[in-house]
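Participant: Next one to model:
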Amino acid sequence: MQYNKGVLAANLVSFDDNGGLDTKDLIQRIHRLNAYSGVTGYVANAYAGEGPTLTNKERETVIALHKEHGRPEQIVVAAILDISTAGAVAQAKAAASVGADALLICPPIASSWTAAASPDIAIAYHKAISDGVDLPVFLFQLAVGDPTSYPHDLLMQLVETIPNVVGVKMAQANDTVRYDQDYLALTAHNRDIICLPAVGTAMFANLMTGADGLLTGLACLFPEEVVGLYDAVERGDVATARAIHFRLAQINFAIYRQPYVDLHTRYKELAFALGAVSSPVVRGPQVRVSAQEQAQLRKLLNDAQFTAHAAE
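Facilitator: Predicted structure coming up:
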């Protein structure tokens, strides 16, 4: 895998009138995002792409379409999430078989599990997947307070225990101190682990500490701004980066507010308003945000002077 910094877009999917995967819409979105040289890869089947609701065949299709229609130099990272370790290993093998360049291993799912209390579950889960598939691995770090957030020592233990860990999705959210702690240790490691901020409200602050790129579904909605934010910080143009940060601020506040479970549903609603997806329908158990919130999100787009993407 050759990752040359930049933005990994956690791509969205949409569904047709019969509830099936709208592959035509996905292909159009890939082509549109390909136009941005700063989008250096894709993450398929993550939460933004409603991966947990997709069938095994649909997940394979999503990965294959990104490989087929992405630029040759773009990487495709497959998100892995299953209720069982065996299921996760099977997902990883299937992802490898259709061309995934790397895996993003989401935290394991177990009733009442917390990473802090039972770190052995996380270690065994990641080891089984990485032993089963010879692909680079990205870890998924969450914010303090989330039960599946890895304590700092566990995060570093996973890096030490799993030799094919190459990077971390850094979703520490508003906990910038924790981001800094993780970032400094990861970049000091002898493998120089890739660090990719993922939460819109904190991206500017995280980038100012340091990062190798961004990994976010926001890139599907605002590719010019997300790429521009990263590029501005990389060239030391703080004024431009701040301006982009502030333009997106009110939208990010709305996306990442409580109830947090609606985060990716809001992504999709905004994407639909912008013409970036063909339908706002989400698969259960999630439901579309209320008509009132739909109107609020559209107003925020208007206030920030965002207009619909040109039809292809």
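Participant: How are the strands of this structure distributed by residue range?
Facilitator: Counting by DSSP state E, the chain has strands at residues 6-10, 39-44, 75-80, 102-105, 137-141, 165-170, 194-197, 213-216.
Participant: Save those strands as CSV, and put in mean neighbour count and mean pLDDT too.
Facilitator: (Each C-beta comes from the backbone N, C-alpha and C, glycine too.) Below are the strands of the chain laid out as CSV (neighbours: other Cβ atoms under 10 Å; pLDDT from 0 to 100):
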stretch, mean neighbour count, mean pLDDT
strand 6-10, 28, 98
strand 39-44, 27, 98
strand 75-80, 27, 98
strand 102-105, 25, 98
strand 137-141, 24, 98
strand 165-170, 26, 98
strand 194-197, 25, 98
strand 213-216, 27, 98
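Participant: Tabulate those strands in TSV, adding columns for distance to Lys127.
Facilitator: Output for those, formatted as TSV (distance: least, Cβ to Cβ, whole Å):
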stretch	distance to Lys127
strand 6-10	24
strand 39-44	22
strand 75-80	13
strand 102-105	10
strand 137-141	10
strand 165-170	11
strand 194-197	20
strand 213-216	23
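Participant: Nearest to Ile121, out of the ones you listed?
Facilitator: Nearest to Ile121 among the strands of the chain is strand 102-105 (12.9 Å), distances taken as Cβ to Cβ.
Participant: what residues does the closest one touch?
Facilitator: Strand 102-105 is contacted by residues 1, 43, 46, 75-80, 88, 92, 95, 125-126, 129-130, 133, 135-140, 166, 169 when judged by Cβ atoms under 8 Å, 6 or more residues apart in numbering.
Participant: What is the distance between the lengthiest helix in the chain and the centre of its chain?
Facilitator: Criterion DSSP state H: the longest helix present in the chain is helix 238-255. Put simply, helix 238-255 sits 19 Å off its chain's centre (Cα atoms, centre = their mean, to the nearest Å).
Participant: and it, what does it pack onto?
Facilitator: helix 203-209, helix 218-221, helix 223-234, helix 263-273, helix 291-303 (3 or more Cβ pairs under 8 Å, 6 or more residues apart in numbering; DSSP states H and E).
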